[in-house]
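**Student:** Below are the sequence and a predicted model; questions follow.
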Amino acid sequence: MSAPSVTPIPITTISELKQHHSQLVRLGLASHPAHARRLLAFLARDPAGLPYAARLLAHHPDPHPALFNPLLASLPPRHAAAFLSLMLSLPLHPDHFTLPRILPAAPLPLAAQLHALLLKLNFHSHAHSFNALLAAYLANARADLAFRLFGGGGSSAVLDVVSWTTMVGGLCRLGLVDDARELFDGMPERNLISWNAMISGYVKAGRFLDALEVFDQMRATGLEGNGFVAASAVVACTGAGALARGREVHRWVEQSGIQMDAKLATAVVDMYCKCGSVEEAWRVFQRLPTKGLTSWNCMIGGLAVHGRCKDAIELFHQMEREDVAPDDVTLVNVLTACAHTGNVSGGRHYFDYIVQRYGIEPKMEHYGCMVDLFGRAGLLDEAKKVIDDMPMEPDIGVLGALFGACKIHRDLDLGEAIGWRVIELDPQNSGRYMLLANLLASAGRWGDVARVRQLMDERNVSKEAGRSVIEIDSEVCEFQCGTLRHPEEKEIFAMAKDMMRKIGLEGYAPDTSDVLHDVAEEAKEASLLYHSEKLAIAFGLLRTRPGDTMRVTKNLRVCRDCHEATKLISRVFEREIVVRDRNRFHHFRDGVCSCNDYW
DNA sequence: ATAGGGTTAG
């Protein structure tokens, strides 16, 4: 029903509102729902208007909750509470929709008050109100109160699938994934939202393999998925670096008729990129009917970390031709592509060009990219100049980029000056200490190396152990630096020795410059064999044949020695070896790496 | 009232 027409007077002040109200009263229209709602909506914007709103409701012949419920959600929690207490004093009666309107944004004291009201009104057996209260406690990080309410404490609360899912999702958000899982396993009934709450909860916690396990369980129940579940599963594969599983999920999406929208497709493109297969990413990307800005960014970034600078830049121009305007992420990705290939002039050019042509304001990360670009190329003065000239104070990331460059180019003076500063700015990051220790070690400064070690001990920072994961026939195997624990450890060790012997005949010489112990050269060389990627590759050699591709994912950066060794292994054993390290991908093939030794 | 899906330097 449309409102009876009156000249629409704009309401911007309380006096205009009063004027309008009196006109409506004269016309006998003041109580018409549409007009009353408009008046109330204005009054509700300012707490000063609440008494007026209450009077208006008090004089209304039928102050139905529908009249004031819509206002409540739009009010800030404090005002909503004030308004609610006014309503109650009139007295007007809330209905089952009233509390769920206020609860989602309610801070803790208000939530507790509403809890009391809920009990008083006997709404606790009403699922909407009860679940909203549960969500409010969880949103306030009070898992304890949520558990008490959920557990019933003797109340007659009825738990439905929403209550359970609210708990699971809320606990995951609070980082209590294991508690969430326990509840999840005990759920009397689950829907797609429940399944996805658990899967995405694991993803957020970085527990990708657990996420995939739950996803498999869901499929085993015969339930059809949807786009949300698909996205979570794809992202889990991305995080795990599990290409074979990713392909499987992709196939499942296509077979189960889930709509491949731009977001899901981009997640798939990203998965293929981050799992080491740019070719498959490219195929999905090309087939996209509509490409969002993020799809372009993702593909350009994917090419960048695979060291395919030319392709990344070519794609950027294609994006321009299709009239998609780049954003700050595009700029980061294009600069990364240049930085990873030593394309200094390209980086300079695209920085200026994109900033000027598209009016993008360069941010901290863009200056960081430029520092990285110059620094990697050995132009440390240029890199320093970027920092001196940038309009803000450099953050730890920008300084870290310069520091990393000092390490690569063995600039001891600058590196030391920045290094000690960097570890003060980022005292819990073990990688920073290791970089500094490495730099000092390469100059034979063992006393200072020990000082760095001591600082780490004092601050309880421990060195992150190198870990490499290799996926063989969908089975994921992890190796840790320094230890070899595996059912086939004898065979793997023998293969590792043989592998090193064979590449030794091809000219491999151990590079111990990154080894951090002040010990005899022989001991240093021996320790290199136990680097996690060498163990993973040895295992991969046992399980693959010449011509095959093996994929290794490493948690740290590859060291020089492993990089040299892997190049030779790819040639001697005729394998393509794809290594994803902390920063980028290396494709080893026939004795050459895609990074051209620039990384 | 329950999931809330994609890209970002080092």
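**Tutor:** Perfect, I can see it now.
**Student:** ok, for the most centrally placed residue in chain A, nearest residue in space, not its chain neighbours?
**Tutor:** Closest residue to the average C-alpha location of chain A: residue A:204 at 7.4 Å, with C-alpha atoms, centre = their mean. Of all residues not flanking residue A:204 in the chain, residue A:172 sits nearest, at 6.4 Å (C-beta to C-beta, 6 or more residues apart in numbering). Backbone N, C-alpha and C define where each C-beta goes, glycine included.
**Student:** what's the answer for residue A:531, then?
**Tutor:** residue A:562 (5.3 Å).
**Student:** Next: residue A:38.
**Tutor:** Residue A:38 sits nearest to residue A:11 (C-beta to C-beta, 6+ apart), 7.6 Å away.
**Student:** pLDDT score assigned to the one you found?
**Tutor:** At residue A:11, the pLDDT value in this model is 80.
**Student:** ok, now residue A:472?
**Tutor:** Value for residue A:472, per-residue pLDDT: 83.
**Student:** Dig out what it forms beta bridges with.
**Tutor:** Beta bridges link residue A:472 to residue A:475 when assigned by DSSP bridges.
**Student:** Contacts only, for the residue nearest to residue A:38.
**Tutor:** A:17, A:20, A:38-39, A:42 (C-beta atoms under 8 Å, 6 or more residues apart in numbering).
**Student:** And residue A:141, by the same measure?
**Tutor:** Counting by C-beta under 8 Å, 6+ apart, residue A:141 has contacts residue A:174.
**Student:** Residue A:106 against residue A:115, yeah?
**Tutor:** No: Residue A:106 lies out of contact with residue A:115 (C-beta atoms under 8 Å); the separation is 9.8 Å.
**Student:** So those two - more neighbours on which side?
**Tutor:** residue A:106 (25 against 21; other C-beta atoms under 10 Å).
**Student:** Dihedrals phi and psi, the residue lying closest to residue A:478 once chain neighbours are set aside?
**Tutor:** Once flanking residues are discounted, residue A:478 sits nearest to residue A:469: 4.9 Å by C-beta to C-beta, 6+ apart. Residue A:469 adopts backbone torsions of phi -110, psi 130, taken as degrees, to the nearest 10.
**Student:** same question, residue A:592
**Tutor:** phi -130, psi 150.
**Student:** Could you give the bridge partners of it?
**Tutor:** Counting by DSSP bridges, the residues bridging with residue A:592 are residue A:589.
**Student:** same check, this time on residue A:549
**Tutor:** Beta-bridge partners, per DSSP bridges, of residue A:549: residue A:576.
**Student:** Verify the stated contact: it with residue A:576.
**Tutor:** Yes: the pair residue A:549 / residue A:576 is scored as a contact, 4.2 Å apart, by C-beta under 8 Å.
**Student:** Spell out which parts of the stretch 251-400 of chain A neighbour DNA strand B.
**Tutor:** With the criterion set to C-beta under 7 Å from any atom of the strand, the stretch 251-400 of chain A comes near DNA strand B through A:261-264, A:266-267, A:270, A:292-295, A:297-298, A:301, A:327-329, A:332-333, A:335-336, A:339-340, A:364-365, A:367-369, A:372, A:395-398, A:400.
**Student:** For ChimeraX, write the selection for the buried entries among those residues.
**Tutor:** In ChimeraX, this line selects whichever of these come out buried by 16 or more other C-beta atoms under 10 Å:
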select /A:264,266,267,270,293,294,295,297,298,301,328,329,332,333,335,336,339,340,365,367,368,369,372,396,398,400
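**Student:** Just the ones of the residues of the stretch 251-400 of chain A next to DNA strand B in helices?
**Tutor:** A:262-264, A:266-267, A:270, A:293-295, A:297-298, A:301, A:328-329, A:332-333, A:335-336, A:339, A:364-365, A:367-369, A:372, A:396-398, A:400 (DSSP state H).
**Student:** Please identify the helix or strand for residue A:579.
**Tutor:** strand A:576-580 (DSSP states H and E).
**Student:** what's that strand in contact with?
**Tutor:** Applying C-beta under 8 Å, 6+ apart, the contact partners of strand A:576-580 are A:241, A:274-276, A:533, A:537, A:540, A:548-554, A:558, A:566, A:569-570, A:585-589.
**Student:** now do stretch A:383-397
**Tutor:** Counting by C-beta under 8 Å, 6+ apart, A:364-365, A:367-368, A:370-371, A:374-375, A:398-399, A:401-402, A:405, A:414, A:422, A:425-426 sit against stretch A:383-397.
**Student:** Give me the buried entries from these.
**Tutor:** A:365, A:367-368, A:370-371, A:374-375, A:398-399, A:401-402, A:405, A:414, A:422, A:426.
**Student:** Quick check: which of those residues has the minimum pLDDT.
**Tutor:** residue A:426 (87).
**Student:** Report the contact partners of it.
**Tutor:** Taking C-beta under 8 Å, 6+ apart, one finds A:396, A:400, A:432 in contact with residue A:426.
**Student:** Output those residues in a markdown table, with pLDDT appended to each entry.
**Tutor:** Putting the contacts of residue A:426 into a markdown table (pLDDT from 0 to 100) gives the following:
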| residue | pLDDT |
| --- | --- |
| A:396 | 91 |
| A:400 | 92 |
| A:432 | 89 |
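**Student:** can you tell me the average pLDDT over the top helix by length along chain A?
**Tutor:** The helix spanning the most residues in chain A, taking DSSP H as the definition, is helix A:489-505. Averaged over helix A:489-505, pLDDT sits at 94.
**Student:** Go through it and flag the buried ones.
**Tutor:** A:492-493, A:495-496, A:499-500, A:503.
**Student:** Helices of the stretch 51-200 of chain A, start to end?
**Tutor:** A:65-74, A:77-89, A:98-102, A:108-120, A:127-139, A:143-151, A:161-173, A:177-185, A:192-204 (DSSP state H, counting those that start in this stretch).
**Student:** what would the ones you listed look like in CSV with mean pLDDT and distance to residue A:441?
**Tutor:** Below are these laid out as CSV (pLDDT from 0 to 100; distance: least, C-beta to C-beta, whole Å):
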stretch, mean pLDDT, distance to residue A:441
helix A:65-74, 77, 61
helix A:77-89, 81, 56
helix A:98-102, 86, 61
helix A:108-120, 89, 52
helix A:127-139, 92, 49
helix A:143-151, 92, 46
helix A:161-173, 95, 42
helix A:177-185, 95, 39
helix A:192-204, 96, 38
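**Student:** Need those in CSV (columns: distance to DNA strand B).
**Tutor:** CSV is the format used below for the helices of the stretch 51-200 of chain A (distance: least, C-beta to the nearest atom of the strand, whole Å):
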stretch, distance to DNA strand B
helix A:65-74, 8
helix A:77-89, 13
helix A:98-102, 4
helix A:108-120, 13
helix A:127-139, 4
helix A:143-151, 12
helix A:161-173, 3
helix A:177-185, 11
helix A:192-204, 3
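**Student:** Tell me which of those lies nearest to residue A:344.
**Tutor:** Closest approach to residue A:344 among those is made by helix A:192-204 (37.8 Å; C-beta to C-beta).
**Student:** contacts for that closest one?
**Tutor:** So helix A:192-204 is in contact with A:161, A:164-165, A:168-169, A:171-173, A:177, A:180-181, A:184, A:187, A:208, A:210-211, A:214-215, A:218, A:223, A:225-226, A:228-229, A:232-233, A:235-236, A:239, going by C-beta under 8 Å, 6+ apart.
**Student:** Just the buried subset of those, please.
**Tutor:** Using 16+ other C-beta under 10 Å, the buried ones in the contacts of helix A:192-204 are A:164-165, A:168-169, A:171-173, A:177, A:180-181, A:184, A:187, A:208, A:210-211, A:214-215, A:218, A:225, A:228-229, A:232-233, A:235-236, A:239.
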